[in-house]
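1. generate a structure from the sequence data that follows.
(one chain, ligands or ions: 1)
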Amino acid sequence: MRRRLLAVAVVLGMLGTSACANRIEGEGTIAGLEITHFESGLKASAPDPGLAIENVSETEDDRLAAAAIADVTAFWTEQFPQHFAQEFPPVAKLLSYDSNTDRIDVCGATTADVAMNAFYCPPEDLVAWDRGTLLPLLREKFGPMAVVTVLGHEFGHAVQYRLGAKAGISGQTSTIVKEQQADCFTGAYFRWMAEGRSEYFQVSTSEGLNQVMASLFFIRDSPGQSHSADGAHGTAFDRTYAFQLGFQNDAAKCAAIDQADVDSRITERPFDPDDAGMGDLAVNEETLGLLQRSLDKSFSGAGVPGPTIVNQGGSCPNGGVSTPPVSYCEDTNTVTVDMAALAKLGQPIDREAEFTGQGSGGLGDFAAFAEVVSRYVQGIQVGFDMPVDNTNAGLRTACLVGAWTAAIDQPGASLRPSPGDLDEAIAELLLPRSLIAADINGHPAPNGFDRIEALRLGYFDGSGACSSKYP
Ligand SMILES: [Zn+2]
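-> A predicted model of the protein is given here:
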């Protein structure tokens with residue numbers, strides 16, 4: 001986040017009056033599909049892919065890659081005639097390489113130049129992947145669906161190349177439009193898999209989709225990049241949007257993503273020239289004071305007393321429910337924080353350490369501030385007599401955090417989000433113990449997919465949408 005000296009009042013709309021609606025029993029659904037819990041990955045009954053792959057190895061990662069390619073090819077073979085009235089010719093060339101040892105000519109370069117990557121090369125109609133570092137890293141960090149996600153994305157580019165004008169693709173199409181389409185096509189493919197139509201893979205709509213969302217987060221652009229920059233892939237916030245769009249709709253919807261659509265909603269943008277801290281504030285008494293003022297102003301229109309943020313250890317003293325490092329204590333209408341733990345969470349994400357798996361656990365300042373916001377809005381919801389102890393309450397909370405984020409993004413606000421902040425919130429939302437998407441007891445909504453969707457709804461549609469979508 002960044003700070004400004006001037007402070008202006010930002011008033012969020014009233015939360016709405018639908019507080020007495022019944023709570024939804026059970027876990028609900030994800031885009032119309034039942035929420036499932038089982039191990040995601042290759043099915044025991046998966047057929048032999050029987051593909052010709054150059055330089056292929058006997059490794060687990062190449063086995064996964066081959067199955068993913070056969071599977072996504074089956075998906076597109078079925079979908080192309082349905083949505084685009086044409087056949088899907090299989091991708092002409094497939095190449096596996098080990099970035100640590102191989103030096104193979106490909107697409108005007110060598111595999112040593114492209115190193116740790118996966119890519120589609122249009123002139124050769126080729127999909128290539130690094131089985132030496134990239135695939136094992138993704139699989140070990142997130143699980144097998146991360147490998148399928150990456151190959152599904154590269155096939156998304158092969159799909160574009162085949163559709164051309166039908167997907168609005170020309171020599172002038174920007175990278176970000178192509179990337180958003182490819183992520184969306186990946187979402188459409190995973191929908192098909194989640195419906196149980198894949199011969200090769202099974203994916204649960206809970207932990208399985210979380211693997212996908214987490215891997216999209218991992219391969220996001222660094223904060224401060226412009227979405228119009230050459231090679232921009234989009235932030236995790238933007239990428240997960242495109243994936244969810246495809247998952248909730250179909251391939252035709254993805255092919256319709258164009259520059260105007262992307263310009264209207266994309267959040268990726270460069271740092272402000274006067275943002276000296278490049279988006280990271282320390283978490284301390286002073287910045288929490290700014291946060292208190294920002295929240296009080298933002299929710300002044302709600303007409304209920306907002307909680308006071310206190311540095312008193314993060315647990316409620318009088319036997320109230322505690323959700324350290326930040327808790328909402330109903331009896332005193334306070335939000336108590338464990339400053340040291342919060343400051344640790346608020347340390348910037350170290351991209352280098354993230355890649356080698358040695359991260360410090362810091363998710364960035366916004367993740368820390370948003371956890372405080374999530375507990376503050378418990379007080380607002382209690383003031384409105386809303387149910388605060390179920391899955392809907394967790395999602396409503398994430399939604400309100402999103403609404404607050406958008407509301408303070410104004411010139412002159414005492415605190416403003418900076419590039420990368422929404423991605424820090426997404427990183428927090430994908431933690432098993434997320435507070436941003438948790439109810440008053442600290443129980444998060446079970447699915448990363450739903451949590452991210454709730455944050456986005458509030459961000460784009462404001463707080464009124466939070467209480468109507470999550471009564
Ligand atoms: Zn791409």
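
2. just give the nearest non-adjacent residue to Val159, would you?
-> Phe185 (5.5 Å; Cβ to Cβ, 6 or more residues apart in numbering). Yep, even glycine has a C-beta here, placed from its N, CA and C like the rest.

3. ok, how many other residues are close to Asn390?
-> 18 (other Cβ atoms under 10 Å).

4. is it true that it touches Ala438?
-> No - checked against Cβ atoms under 8 Å, the pair Asn390 and Ala438 is beyond contact range at 11.0 Å.

5. that older thread, measure the residue nearest to Val159 to Ala167 for me?
-> 9 Å (Cβ to Cβ, to the nearest Å).

6. and for Ala74?
-> Counting by Cβ to Cβ, the gap from Ala74 to Ala167 is 20 Å.

7. ranges for the helices of the stretch 51-200 of the chain?
-> Using DSSP state H, counting those that start in this stretch, the helices of the stretch 51-200 of the chain run over 60-84, 111-114, 134-142, 144-163, 175-194.

8. worst average pLDDT in these?
-> Ranked by mean pLDDT, the helices of the stretch 51-200 of the chain bottom out at helix 111-114, which scores a mean of 79.

9. give me the contact list for that helix.
-> The contact list for helix 111-114 (Cβ atoms under 8 Å, 6 or more residues apart in numbering) reads Leu95, Tyr97, Ser99, Asp102, Arg103, Ile104, Val106, Cys107, Ala128, Asp130.

10. can you point out the buried residues in stretch 73-88?
-> If you call a residue buried by 16 or more other Cβ atoms under 10 Å, then stretch 73-88 has these buried ones: Thr73, Ala74, Phe75, Trp76, Gln79, Phe80, His83, Phe84, Phe88.

11. let me see the contact set for the last one.
-> Going back to what we said before, that points to Phe88. Phe88 touches Thr73, Trp76, Thr77, Gln79, Phe80, Val159, Arg162, counting by Cβ under 8 Å, 6+ apart.

12. then Thr173?
-> Gln259.

13. what about it, distance to Asp261?
-> Note on Thr173: its distance to Asp261, by Cβ to Cβ, is 13 Å.

14. what's near enough to touch Asn447?
-> Taking Cβ under 8 Å, 6+ apart, one finds Glu27, Ile30, Ile35, Thr205, Ser206, Leu209, Asn210 in contact with Asn447.

15. how close does it sit to Leu216?
-> As defined by Cβ to Cβ, Asn447 lies at a distance of 15 Å from Leu216.

16. mind jotting down where the helices sit in the stretch 301-450 of the chain?
-> Using DSSP H, counting those that start in this stretch, helices in the stretch 301-450 of the chain cover 339-345, 351-356, 365-383, 391-407, 421-429, 448-461.

17. ok, back up a step: let's have the helices of the stretch 51-200 of the chain in a markdown table, adding distance to the ion.
-> Output for these, formatted as a markdown table (distance: least, Cβ to the ion, whole Å):
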| stretch | distance to the ion |
| --- | --- |
| helix 60-84 | 14 |
| helix 111-114 | 13 |
| helix 134-142 | 13 |
| helix 144-163 | 6 |
| helix 175-194 | 5 |
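
18. how about TSV for the ones you listed, with distance to Ser463 added?
-> Supplementary listing: those in TSV, determined by distance: least, Cβ to Cβ, whole Å:
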stretch	distance to Ser463
helix 60-84	37
helix 111-114	46
helix 134-142	33
helix 144-163	32
helix 175-194	27
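
19. so which of the contacts of Asn447 are in helices?
-> If you go by DSSP state H, the contacts of Asn447 have Leu209, Asn210 in helices.

20. of the contacts of Asn447, which is the nearest to the ion?
-> Leu209 (19.8 Å; Cβ to the ion).

21. how is the chain divided into domains?
-> Domain assignment of the chain by automatic domain parsing yields the ranges 2-29+276-469, 39-203+225-265.

22. quick one: distance of the shortest one to the chain centre.
-> For domain 39-203+225-265, the distance between its averaged C-alpha position and the chain's averaged C-alpha position is 17 Å (Cα atoms, centre = their mean, to the nearest Å).

23. got it, and stretch 457-471?
-> 18 Å.

24. now do the end-to-end distance for it.
-> Start-to-end span of stretch 457-471 (Cα to Cα, to the nearest Å) is 14 Å.

25. what's the mean pLDDT across that stretch?
-> Rounded mean pLDDT across stretch 457-471 is 93.

26. mind listing what's buried along it?
-> For stretch 457-471, by 16+ other Cβ under 10 Å, it's 457-459, 461-467, 469-471.

27. ok, the residues you listed vs the ion, which is closest?
-> Closest approach to the ion among the buried residues of stretch 457-471 (Cβ to the ion): Tyr459, at 24.2 Å.

28. tell me which of Phe185 and Ala167 has more neighbours.
-> Phe185 (33 against 24).

29. that one and Leu151 touch, don't they?
-> No - if you go by Cβ under 8 Å, Phe185 and Leu151 don't touch, sitting 11.8 Å apart.

30. residue in the stretch 301-450 of the chain nearest to the ion?
-> Across the stretch 301-450 of the chain, the shortest distance to the ion (Cβ to the ion) belongs to Asp423, at 17.5 Å.

31. how about the residue lying closest to that residue once chain neighbours are set aside, what does it touch?
-> Excluding its sequence neighbours, the residue lying closest to Asp423 (Cβ to Cβ, 6+ apart) is Ala236, at 4.4 Å. By Cβ under 8 Å, 6+ apart, Ala236 lies in contact with Leu216, Phe217, Arg220, Leu422, Asp423, Ile426, Ala427.

32. most neighbours, which of those?
-> Of the contacts of Ala236, with other Cβ under 10 Å as the count, Leu216 tops at 30 neighbours.

33. surely it is in a strand?
-> No - assigned with DSSP: H, G, I helix; E, B strand; the rest coil, Leu216 falls outside any strand and is helix.

34. surely it and Phe237 touch.
-> No - contact criterion Cβ under 8 Å: Leu216 and Phe237 do not qualify, at 10.0 Å.

35. could you list the low-pLDDT ranges of the stretch 351-471 of the chain?
-> 351-361 (pLDDT under 70).

36. run the last query once more with 50
-> Low-confidence segments of the stretch 351-471 of the chain, defined by pLDDT under 50: none present.

37. and for the nearest residue to Leu95 once chain neighbours are set aside, the neighbour number?
-> Of all residues not flanking Leu95 in the chain, Ala128 sits nearest, at 4.0 Å (Cβ to Cβ, 6+ apart). Look at Ala128: counted by other Cβ under 10 Å, it has 24 neighbours.

38. Ala445: what's it in contact with?
-> Thr391, Gly394, Leu395, Ala398, Ala437, Ala438, Arg451, Ala454.

39. 10 Å instead?
-> Going by Cβ atoms under 10 Å, 6 or more residues apart in numbering, Ala445 touches 27-28, 390-398, 429, 434, 436-439, 451, 453-454, 470.

40. ok, and the closest non-adjacent residue to Asp450?
-> Nearest residue to Asp450, sequence neighbours excluded (Cβ to Cβ, 6+ apart): Leu395, at 6.0 Å.

41. just checking, that neighbour touches Glu453?
-> Yes - with contacts counted by Cβ atoms under 10 Å, Leu395 reaches Glu453, the gap being 8.2 Å.

42. quick check: Leu51 vs the ion, distance?
-> 21 Å (Cβ to the ion, to the nearest Å).
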